[in-house]
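Trainee: sequence first, then the predicted structure, then my questions.
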Amino acid sequence: MLDVSRHFFTPDQVKRYIDQIAAFKINYFHLHLSDDQGWRLEIKSWPDLTKIGGSTEVGGRKGNLYYTQDQYKDLVTYAANRGITVIPEFDMPGHTNAAQASYGELNCDGKKRPLYTGTEVGFSSLCINKEITYKFVEDVVREVSAITPGPYFHIGGDEAHSTPDADYVKFMNRVLPIVKKYGKVTTGWHEFIKTTTDTAVIPQFWGTATSDANVAAAAQRGNKVLMSPANRIYLDMKYDKNTKLGLNWAGYVEVKDAYSWNPGAYLNGVSEASVRGVEAPLWTETIKTNADIEQMAFPRLPVAAELGWSTAANHNWDRFAPRLGAQGPRWKIQGINYYASSQVPWKK
Ligand code: IFG
């Protein structure tokens, strides 16, 4: 996953990252297209989402910081030509300030919110009891599903700290059927799974604990789980206390930490048969350039690919580390700004 909301990345910048992840057989690319700081994809029926919501980012840079639908379709094709399926995410009912700064009617008090260029989370919520909220959601899902050939639509659902629990359930009960209506399978940050017994939807686990009752209950019912534990595979986590970029709320994640877990056995009650896959999210509160992306994603993204594609029986750091080290000279020649972790025996 690449968060293009906190900081916007142009189509060419995204294509550079797509080329790099394709080299490691990554086969899904989750684009975090909306958040408090920015709405990044043109929605023809709600033009101010990008005109206003796509006009700035963390730190306050101004511009046309969004993709037209043609540019999005081009990215989808570019990824598909490299064996990669795009998963669009529109985070809701929280992380919605950019939309609520664009349209007053999306707020319970009818007033536009100010644009937000900070990095706090949890302060926004769509207005759950207004019908226009569900027209908005349906228009977004309809327009984006029509230009997304992949099977998945990500509805976010995380950190809805300003949405009362009962309202959160009410919201999801309205929205999950909308995604289905437009022929997509819902995936979302794992909090939403407590609102549905539909075994087709896919919770994306992003916690730091090794158990979650709602996710385990869903797995028992038959749901598949996408594994992204923040203290193992969040690429915006600092490597150690000296890392300039990134955050550390989930702890430090050195390369060996990112390798030393088994996605098929990480969560209590979630067996390997219930694990849909592994995803390495890169949140961009502190990430602005391709060099920044590369410093955080390399070498930990290839680690995620290894965990996703190889059997647990084949996991062995002493055997893997030299294979990772062999990539160093290639990344140097390609101009990839990788982190030369002291844990890896880099080939000269
Ligand atoms: N949690 C938030 C993200 C981002 C992240 C940074 C999720 C699902 C912390 N939600 O991770 O928006 O701020 O590490």
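Mentor: Happy to help now that I have it.
Trainee: helices along the chain, start to end?
Mentor: 11-22, 48-51, 69-80, 97-102, 131-146, 165-181, 213-221, 230-233, 255-259, 290-297, 300-309, 317-325, 327-334 (DSSP state H).
Trainee: okay, those, which one's buried deepest?
Mentor: helix 97-102 (a mean of 26; mean count of other C-beta atoms under 10 Å). (C-beta placed from N, C-alpha, C; glycine too.)
Trainee: what's that one packed up against?
Mentor: helix 48-51 (3 or more C-beta pairs under 8 Å, 6 or more residues apart in numbering; DSSP states H and E).
Trainee: contact partners of the helix it packs on?
Mentor: 34, 39-43, 64, 66, 98-99, 102-103 (C-beta atoms under 8 Å, 6 or more residues apart in numbering).
Trainee: low-confidence bits of the stretch 51-200 of the chain, can you list those?
Mentor: For the stretch 51-200 of the chain, no stretch is flagged by pLDDT under 70.
Trainee: quick check, pLDDT for R323.
Mentor: Per-residue pLDDT puts R323 at 97.
Trainee: what about it, distance to the ligand?
Mentor: 28 Å (C-beta to the nearest ligand atom, to the nearest Å).
Trainee: cool, and E42?
Mentor: E42 is 22 Å from the ligand, by C-beta to the nearest ligand atom.
Trainee: for that residue, give me its contacts.
Mentor: Counting by C-beta under 8 Å, 6+ apart, E42 has contacts 49-50, 54, 66-69, 72.
Trainee: apply 6 Å and report the result again.
Mentor: By C-beta atoms under 6 Å, 6 or more residues apart in numbering, the contact set of E42 is 50, 68-69.
Trainee: cool, I43 as well?
Mentor: 49, 140, 143.
Trainee: quick revisit: format the contacts of E42 as a markdown table; extra columns: distance to the ligand.
Mentor: Putting these into a markdown table (distance: C-beta to the nearest ligand atom, whole Å) gives the following:
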| residue | distance to the ligand |
| --- | --- |
| T50 | 20 |
| T68 | 24 |
| Q69 | 24 |
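Trainee: returning to what we had before: of the contacts of helix 48-51, closest to R319?
Mentor: Nearest to R319 among the contacts of helix 48-51 is R40, at 40.4 Å by C-beta to C-beta.
Trainee: now the closest residue to the ligand within the stretch 51-200 of the chain. Nearest residue, chain neighbours left out?
Mentor: Proximity to the ligand, evaluated over the stretch 51-200 of the chain using C-beta to the nearest ligand atom, is greatest for D158 at 3.8 Å. The shortest distance from D158 to any non-neighbouring residue, by C-beta to C-beta, 6 or more residues apart in numbering, is to W189 (3.6 Å).
Trainee: beta-bridge partners for the one you found, please?
Mentor: According to DSSP bridges, the residues that bridge with W189 are Q204.
Trainee: number of residues surrounding it?
Mentor: By the criterion of other C-beta atoms under 10 Å, W189 has 25 neighbours.
Trainee: still on that earlier bit, burial of the residue of the stretch 51-200 of the chain closest to the ligand, as a residue count?
Mentor: There are 19 residues near D158, going by other C-beta under 10 Å.
Trainee: so how far is W206 from it?
Mentor: The gap separating D158 from W206 is 7 Å, by C-beta to C-beta, to the nearest Å.
Trainee: ok, T196 next?
Mentor: Taking C-beta to C-beta, one finds T196 at 18 Å from W206.
Trainee: re the thing from before, export the contacts of I43 to CSV and tack on distance to K170?
Mentor: Formatted as CSV, the contacts of I43 follow (distance: C-beta to C-beta, whole Å):
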residue, distance to K170
L49, 23
V140, 18
E143, 24
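Trainee: just these now: which is nearest F90?
Mentor: Of those, the one sitting nearest to F90 (C-beta to C-beta) turns out to be V140, at 5.6 Å.
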